[in-house]
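Participant: okay, here's the prediction I keep looking at, along with the sequence it came from:
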Amino acid sequence: YFGGSFGWILTFIKDRGIGGETTFWAQQSISTLINPPFAISLPIFLAGLYLFHRVLEQKDRVLPFIIPLTILWGTLIEFKAYAGVLVLLSLAVITLLNLVKRDLAFLKISIPTALLSVLVFLPNNLLGGSLLVFSPFWLIHSMIDFPDRLHVMRLSYSRIVNLQTNNWFKFLGVEFVSLLIFIVGNLGTRTLGLFGFKRLFANTFGLFILLFLIFSLTLPLLFIQKGANFNTIQFFYYFIFIFNFLVAYVLAQLFKKNIKAILIMVATVLLTLPTTYGTLKHYFPARPPSRVSRAELEGLNFLKRQPDGVVLSFYYDQYLKQRFLEPKPLLVYDSTAYVSALAAKSEYISDTVNLDILGIDYKGRLQLQKDVFAQKDPDLVKQLLKQANISYIYAPFLSNFHPNSEKYGLTSIFKNEDVEIYRVD
């Protein structure tokens, strides 16, 4: 949990501060574990890994292990698609390697796991387009080039010049150095885990882990994600996670051989903590960045008690954000699904950040949202609300939405100083 990158060394040299968690792009454990889908995916993956190990050990009477293994790894893609893809690819390669040896045993695991993954993933993701775009080394280049990352212009210029002059030897040399910086910088003290790699060549289980590591490293280096280029870094989070176990194994072996190795263990822990400490301070600022007022929460609780129906809430306006100091109203902080979450109602459109990431076209819904809150022609608005099957309009006073209820076919059912809620008649 307390593992961190080497970003803190750079921030300490630069301004005598402790921080730099994402200097090399990847978030560390203290941040990734507040991502619920990622946090949930870890015990599911590990439970499946344990069962997979038992299957390899048992060889016969494996059905009691294969069934729960298939359920765990087959549904993993729905909790966290990145983890599911890594498991499926690793299983596929293991299966192919054994098919070459005319061993069909792994088909019992890979085929049902793949089928279940398709069944749980496709129904909820049919509207999304192709999310991955081939763009080799985008993460590496942006890490080197971006001012808010590592920003080593000498490497950046060297890469560009050598590419343009077709000096491939030097160009590849720069790329290799940049790759090493990316891996070592993100792993931090986990780099010691490299000394445990030979253990991965011992058996099929180790080979699966090795393949999992290879895919979790190469996929984010080769692809970017539509809507948020950097999002494929989440494949790499599993690379970092596995290295926690590898470095633990290496340190345990050192301790067994020489009691003096405890000094190495202490040094490893001490060099691991600074990044986590710097990030922890960021998560506990003097003032929170956003808020939901008591008055608005009262309105959301009222909406929660109403019959089920689709809610049309106000759209995110980035210019409103500039009018407020922290803590800013959550409405203006970012596009989120807070109305849906706190009122337990379906929203017609919200959280456009994730819609962009998933490649879902929401422009039509956004336009309807804006047309309604712009209080356009009453007959048009009534028609739009009916076609969209909208039951409620959630109108914070910031939206400046004060329609003639009778003309628009609305009934005000709640009102206080922060929000007014309308029922669509």
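Facilitator: Structure received. Numbers count the residues shown, from 1 in each chain.
Participant: list the buried ones in whichever strand or helix holds V250?
Facilitator: Per DSSP states H and E: V250 is located in helix 233-257. Neighbour-count burial for helix 233-257, with 16 or more other C-beta atoms under 10 Å as criterion, is recorded at 233-243, 246-247, 250-251, 254. Yep, even glycine has a C-beta here, placed from its N, CA and C like the rest.
Participant: any idea which of those is the one closest to F134?
Facilitator: When the buried residues of helix 233-257 are ranked by distance to F134 (C-beta to C-beta), F235 comes first, at 14.4 Å.
Participant: tell me the contacts of that closest one?
Facilitator: Y82, V85, L86, F215, S216, L217, L219, P220 (C-beta atoms under 8 Å, 6 or more residues apart in numbering).
Participant: shouldn't the second one be in contact with I77?
Facilitator: Read that as V85. Yes - counting by C-beta atoms under 8 Å, I77 is a contact partner of V85 at 6.9 Å.
Participant: between the two, who's got more neighbours?
Facilitator: I77 (25 against 19; other C-beta atoms under 10 Å).
Participant: does the more buried one fall in a helix, a strand, or a coil region?
Facilitator: helix (DSSP: H, G, I helix; E, B strand; the rest coil).
Participant: isn't it right up against A83?
Facilitator: Yes - here I77 reaches A83: they are 7.4 Å apart, a contact under C-beta under 8 Å.
Participant: how far away is Y422 from I349?
Facilitator: Going from Y422 to I349 by C-beta to C-beta, to the nearest Å gives 17 Å.
Participant: for the two, indicate the residue with more neighbours.
Facilitator: Neighbours per residue (other C-beta under 10 Å) separate Y422 from I349, with Y422 holding more: 24 against 20.
Participant: neighbouring strands - and their directions - for the one helix or strand the more buried one maps to?
Facilitator: Using DSSP H and E, Y422 sits in strand 419-424. When pairing is defined by DSSP bridges, strand 419-424 lines up against strand 390-396 (antiparallel), strand 410-415 (antiparallel).
Participant: for the ones you listed, which one sits closest to F137?
Facilitator: Judged by C-beta to C-beta, the one of the strands paired with strand 419-424 that comes nearest to F137 is strand 390-396, at 44.0 Å.
Participant: ok, S5 - how many residues close by?
Facilitator: Counted with other C-beta under 10 Å, residues neighbouring S5 total 28.
Participant: that one: what secondary structure?
Facilitator: Put simply, S5 is coil when judged by three-state DSSP.
Participant: what about the residue lying closest to it once chain neighbours are set aside, which SS state?
Facilitator: Using C-beta to C-beta, 6 or more residues apart in numbering and skipping residues adjacent in sequence, the residue nearest S5 is G188, 4.7 Å away. Following three-state DSSP, G188 is assigned to helix.
Participant: return the residues in contact with G188.
Facilitator: Contacts of G188 (C-beta under 8 Å, 6+ apart): G3, G4, S5, F6, Q28, L271, T272, T275.
Participant: so which of the residues you listed comes closest to L104?
Facilitator: Relative to L104, the closest of the contacts of G188 is G3; by C-beta to C-beta it sits at 39.6 Å.
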